[in-house]
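# Structural data only, the sequence is not supplied:
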């Protein structure tokens, strides 16, 4: 398996937007997810998407602001983040699931992890 590689992180002002990408070759048949970890806090599930892209799940903290999507032809998963808040500051990790679906954004349903990309929301 090739590794998962995240990109698109950076510094953005509150209210701004970022789009994260995850290169995920070979994972077309698996659910994909995004997780994040802020300094001093536990890892938190953000969103996940089924292999077909039909089914998605979101944490309550990002629902209505973040959108997950995937393009299997490009082997890429995206996380569009809008209306960003300072509390969204964290390292964001892409992960590949054990199955084609994700019942929720639970870490135990994912088994391959990327190295992470830093997102800072600050004025």
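Happy to help now that I have it. This structure is a prediction, so every number in the text was calculated from the model and none was measured.

# Leaving out chain neighbours, which residue sits closest to residue 114?
Nearest residue to residue 114 in three dimensions, chain neighbours excluded: residue 4, at 3.6 Å (CB to CB, 6 or more residues apart in numbering). Glycine gets a C-beta too; all of them are placed from N, C-alpha and C.

# centroid residue for this protein?
Using CA atoms, centre = their mean, the residue of the chain that lies closest to the mean C-alpha position is residue 34, 2.3 Å off.

# coming back round to it: OK, contacts around the residue nearest to residue 114?
When contacts are counted by CB atoms under 8 Å, 6 or more residues apart in numbering, residue 4 touches 22, 23, 24, 27, 94, 95, 96, 112, 113, 114, 115.

# ok, now residue 63?
So residue 63 contacts nothing (CB under 8 Å, 6+ apart).

# What is the three-state secondary structure of it?
Assigned with DSSP: H, G, I helix; E, B strand; the rest coil, residue 63 falls in the coil class.

# cool, and residue 103?
Under the three-state scheme (three-state DSSP), residue 103 adopts coil.

# Which pLDDT does the model give it?
As summarised for this prediction, residue 103 has a pLDDT of 90.

# Please apply the same query to residue 1.
We have a pLDDT of 64 for residue 1.
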